[in-house]
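Asks: Could you work out the structure for the sequence below:
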Amino acid sequence: MNRMKVTEKIIASKISQGLKWSDVATKVGLSKEWVTAACLGQMTLADDQADIVGELFDLSTEERTWLTVVPYKGATSDTPADPLIYRFYELIGVYGPTLKELIHEEFGDGIMSAIDFKMEMAREPNPNGDRVQITMSGKFLPYQSY
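Replies: Prediction:
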């Protein structure tokens, strides 16, 4: 057993039950973005949260324990093959330097935290085709002198 096998089981169960990630998030009591990331193995669930997810997806005690283990975060260093994920990769390649420049101009030298961070994804109706709206909010962390 490993974390990837637990993720695969969660996805299979989600599909067979016809659940949406927002359904899972409502049961856990947190955002769909964070709960989805946790179910996909990118965040660590607390014991009570792992029990809720475990009940929902019929996970064993061992599988629930994997949900509480700090994961290896991030994707592989390979260029993503999935078209949607590749677009984010491309987006950061194109707009990353612009975001870096504008953040440094506004805040100074530092980073946007991905730990003290929130993200929301929503559908934005548009007569020319619905749009994907993603809002990211991360605490600015300035580099410290020492």
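
Asks: could you say which helix or strand contains the closest residue in space to Ser31 that isn't next to it in sequence?
Replies: Leaving aside its sequence neighbours, Ser31 sits nearest to Ala25 (C-beta to C-beta, 6 or more residues apart in numbering; 6.0 Å). Heads up, the C-betas are built off the backbone N, CA and C, glycines and all. Taking DSSP states H and E as the criterion, the element that holds Ala25 is helix 21-28.

Asks: what's the average pLDDT for that helix?
Replies: Helix 21-28 shows a mean pLDDT of 97.

Asks: Which neighbouring elements make contact with it?
Replies: Counting contacts by 3 or more C-beta pairs under 8 Å, 6 or more residues apart in numbering; DSSP states H and E, helix 21-28 packs against helix 32-39, helix 47-57.

Asks: Could you dump those into CSV and include distance to Glu120 and mean neighbour count?
Replies: Converted to CSV, these look like this (distance: least, C-beta to C-beta, whole Å; neighbours: other C-beta atoms under 10 Å):
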stretch, distance to Glu120, mean neighbour count
helix 32-39, 6, 20
helix 47-57, 19, 17
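
Asks: Sketch out the low-pLDDT regions of the protein for me.
Replies: 75-76 (pLDDT under 70).

Asks: what do you get if the cut-off is 80, keeping everything else the same?
Replies: The model of the chain has pLDDT under 80 over residues 74-77.

Asks: Find the residue at the geometric middle of it.
Replies: Centroid-nearest residue in the chain: Ala37, 3.5 Å away (criterion: C-alpha atoms, centre = their mean).

Asks: which residues does that one contact?
Replies: For Ala37, the contact set (C-beta atoms under 8 Å, 6 or more residues apart in numbering) comprises Met43.

Asks: That's all I had, so thanks and see you.
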